[in-house]
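In: 3D model of this:
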Amino acid sequence: MQSLWRCQLAFFAILWLAQAYPTGAPTTCGCPDCVPPHSAGEKAGFDATITRSPDDDGEWIAGRTYTFTVTGSFAGAFFSATDGDLADDSGVNFRAYGGSCPSDITAITHKHDSTKTNPTFTWTAPTTGSGSMTLNFLILPAKLGQYQKTTFGPLVEGFVNCSEADTATCDAFNRGDCGETTDNTCGDCDTGYFGPEDENTACTECNEACAECEDATTTCAVCASGYGKQGGSCVEVATCDALPQACDSIGRQDCLTVTDTCGPCLAKYFNPTTQNTDSNDACIACDVACATCTNASTTCTTCATGYTRNSTGSCQEVPTLRPFGKDANRLASDNSCEVGECLAEVLWEFEGDVVWFKLSTTKYWVGVGFAKQRQMLGDFYIGLTDGTDRVINAYGSKPNPPTRDAVPTLDNVVAISENGRFEVVFSRPREPTNGDRDASLDEDSELYVLLAWGSGSGDSFSIHDGRVITEDAILVGQSVGSLTSSTPTLARDKTIAHGILMLLAWVGLSPLGTYIARYYKLAGPVWFQLHRGAQVVAVLLALVGWVIILTDNDVGKQGTHHRMGMATIALAFVQVLLGAFRNQISGFDKEAASDPDDHGPRRWLFNYLHWIVGRTLLVFAPATVYYGLDVLGAEDAPKSVLLATCGVLVGFFVVSEVIKCRGDPSKKPMTVLVVAFALFAVAGAVAMAVLVADTPKVV
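Out: I've put the predicted structure just below:
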C-alpha cells in the first residue's frame, strides 16, 4: 500500500577542481541547487551511473537504509535529500554540508580533494511517506572547464510501510520479507513451503518428496533430492545399478521405485498382468491406431491422434475429406450459421462433368433433394451415420420418405463421424445415369433445393425433424453461392381447403356438440337437437374435406397425418352409425314403450359405445389437425392458436364438470357457459382457418 508521504530525494553531484574547494562545497553554494561557481559552462553527455542496494524488486520500504554507488571518478561532489536521512561514508570521502539548507533537506559534500572512484553513500527512507527520488549529477572534469549534468529518476513512486510485518515476523512465517507487494504484509512462501500468497500467516512445509509444491501431496512442482517423478508424483529413487536390460528396450519406464526393476509400461505399450506396475517383463507395443491399449488389436482404450473410434469400437484412421472452396454452393438449416457449425448443411460444387457434394449434420441423417416443386419430390441423397457412415441415393414421388434406388449412382463416398458431427462427401455426374430418378444438374436445370435432417437407428430413419428449401427455383448447375432458405410447404388450393374444413369440424363444432351433450341436458329436449346438429355438420365438413384431399393427386397417402386422418374419418363413420341405429342397439321398441324414460334394455351398451368413440374423437381429431398443420408447412402461428384454443376448451370442461359434481346447476349459468364455449371454439377455428389460408402455396 502506498503511504501518504510525498518525498523528493534529489542528489546533486558536482565535480570541480580540488584547487577551488578542496574540502567541499562552500557555504554559499546553495541548497539543494548547488552549481559550481567556477565552471566554463555546461558540456553535453554524462559518464557516471548510480545503483542502489537492496533492490527490493523495485519497491521502496519505509524506514529501510539504501546504499548508493556512483560509478565513476571525481574529486568533488555534492548530494542533497529533501526527506529521509542522508549520511556520509563514515568520513572517508564525504562530510555533512555546512551551508544553509531548508529544515527538511540534508546534504553532504566531498571531504578531501583526492580522486574518488566508485564511492558510496547511504540514505534512509522516511518511516512513512510517498514520493519520488531523482539523482542529479554535475561533473567538472577540469579547472574552470565545462561541467556535465544528468538527471537519474524518478526512482521512487512511494514507500511501503512494514511496521507491522518486520523481517523477524516474516522469517517466522517462512515467508519473504514485507514490501514485496503491499504494506504490512509478508511476501510469498519460501521455497519448500506452500500457502496463500502475500499473507501474514505461516506457510506449511512441503512433503519431504518435494522441493517445491502447491499442497501437501507428493504431486510436487519439483521433486526433492533423492526423489523422481513417476505417474505425476515424486517417489523415492531406488538403486538401479543391476538392471537386466535397458527399460525402454522392453517398453517400460525407467527404474525408479523398486531396486533393479523397470517401471510401468510406457504410453502406447501394454502388458496383460503388469501394465501399471514395476516389472522387468516386456511390454508389447499397441497397434499404431491406439494411444493406449490393453491388447494388440485396434480395440484401443483411447485412439491415437489421427484415428477415430468406429461403430465396432475399433480405432480407424480419420479419412481426409475433399475440401470445398469458399465459393461453393451452400444450403444450411439456419441462414446465419457458419460453415461446418450448422445443425445440417449441404455444399456442392462442380469439377468438369462431375458434381461434388458434402452433407453435414449433428443428427442421425441428413439429405439433400432437387425438385421442380417446393416439396420432397424428386432426386434425393441421404447420408446416414448408421455405423457404416454412408450415403444412399433415393427418389421421392410423393411427399413421403423417398424410396431407395436399387442401383447406387454415387461415387467417391467418404464419410466420418467425429465429435458429434457426421460428414459425408460424394460425387455424381452432372447428367442423369438412373433415368428420371436422377435430376439433371446441367447449367440450365432450374430446380428447388431441399435440405432435411432427422433421427433414426440402424438402417432406418424417421421422418424429418426439420427441413428447409430454397425460396425460389435456382440454376443448380451454376455457381450460386450461399442460398437463403425457408420452410417448405405443401399448400395448394385443395390442401388449404382441406385444412380449413377440418379445423372448423374438429376444433369448432365437434367439441361443442360433446360439451352440450355432457352439460346442457337441463335445457330439455333442445339439447339433443343442438348436439345432433353440431355433430352432423362437423361430420359433413370432415367428409367434404376428406373427399377434397383424396382427389389431390399431388399429396402422398402415407405418413402419420394420413394414417391418423383415416382413423379419424373411420371413427366419425362409426359414431354416425351408432347414432342412426341407437334404438336397435338399445333394444328400444317405440310402439310398445309406455315410459318416456325407457330407451330399451340395452341402452347402457349404446351409451358406453357412444361415449368411448366420442371421447376418442374429442382428443384424437385435434391431434390429427396439429400434425396436418406441420405437413402443410404452415407457420407456427396456427399451431400456437390451436394449442391455446384446446387449452381454453379443456378449461371449460373442467369448470363445468366441477359445477355438475357439486349439484344440479341452474339453466341460466349453463346457458352462458354453452354460448361462451361455442363462441370461443368457433372463433378459434376461424382464426386458424384464416392463418392457414395465408400459407404460401407451392409454385
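In: can you give me the helices in the stretch 101-250 of the chain?
Out: Ranges of helices in the stretch 101-250 of the chain, per DSSP state H, counting those that start in this stretch, are 167-172.
In: ranges for the strands of it?
Out: 106-110, 116-117, 120-124, 131-139, 147-152, 159-160, 193-194, 204-205, 210-212, 222-223, 227-230, 233-236 (DSSP state E, counting those that start in this stretch).
In: which stretches of the stretch 201-350 of the chain have low pLDDT?
Out: 310-311 (pLDDT under 70).
In: does S440 really touch N434, like I thought?
Out: No - between S440 and N434 there is no contact under C-beta atoms under 8 Å: 11.3 Å. Where C-beta positions appear, they are placed from N, C-alpha and C, glycine not excepted.
In: Can you check which helix is longest in this structure?
Out: helix 603-632 (DSSP state H).
In: tell me how far that one is from the chain's mean position?
Out: In terms of C-alpha atoms, centre = their mean, to the nearest Å, the centre of helix 603-632 is set 45 Å apart from its chain centre.
In: Equivalent analysis for stretch 72-88, please.
Out: Worked out by C-alpha atoms, centre = their mean, stretch 72-88 lies 63 Å from the chain centre.
In: cool, and stretch 524-538?
Out: With C-alpha atoms, centre = their mean, you get 58 Å for stretch 524-538.
In: which other residues reach it?
Out: With C-beta atoms under 8 Å, 6 or more residues apart in numbering as the test, stretch 524-538 has contacts from 504-506, 508-510, 512-514, 516-517, 520-521, 575, 579.
In: Output the contacting helices and strands for the helix or strand just after the longest helix of the chain.
Out: Downstream of helix 603-632, the next assigned helix or strand under DSSP states H and E is helix 636-661. Counting contacts by 3 or more C-beta pairs under 8 Å, 6 or more residues apart in numbering; DSSP states H and E, helix 636-661 is packed against helix 510-519, helix 603-632, helix 667-693.
In: what's the closest of those helices to R52?
Out: helix 603-632 (81.2 Å; C-beta to C-beta).
In: Backbone dihedrals for the residue most central in space within the chain, please?
Out: Geometric centre of the chain, nearest residue: E341, 12.0 Å, by C-alpha atoms, centre = their mean. Dihedral pair for E341: phi -120, psi 10, per degrees, to the nearest 10.
In: shaky segments in the stretch 351-500 of the chain?
Out: Looking at the stretch 351-500 of the chain by pLDDT under 70, you get 373-380, 384-390, 393-403, 405-408, 435-437, 459, 479, 481, 484-492.
In: ok, which stretches of it are strands?
Out: 354-361, 365-371, 378-384, 390-396, 403-404, 411-418, 421-429, 446-454, 456-457, 460-461, 466-470, 474-475, 485-486.
In: how about those in a markdown table, adding mean neighbour count?
Out: Shown next, in a markdown table, are the strands of the stretch 351-500 of the chain (neighbours: other C-beta atoms under 10 Å):
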| stretch | mean neighbour count |
| --- | --- |
| strand 354-361 | 22 |
| strand 365-371 | 25 |
| strand 378-384 | 24 |
| strand 390-396 | 19 |
| strand 403-404 | 12 |
| strand 411-418 | 15 |
| strand 421-429 | 20 |
| strand 446-454 | 23 |
| strand 456-457 | 13 |
| strand 460-461 | 16 |
| strand 466-470 | 20 |
| strand 474-475 | 16 |
| strand 485-486 | 16 |
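In: Looking at the ones you listed, which is nearest to G72?
Out: Across the strands of the stretch 351-500 of the chain, closest to G72 is strand 411-418 (C-beta to C-beta), at 69.1 Å.
In: Right, I'll call it a day here.
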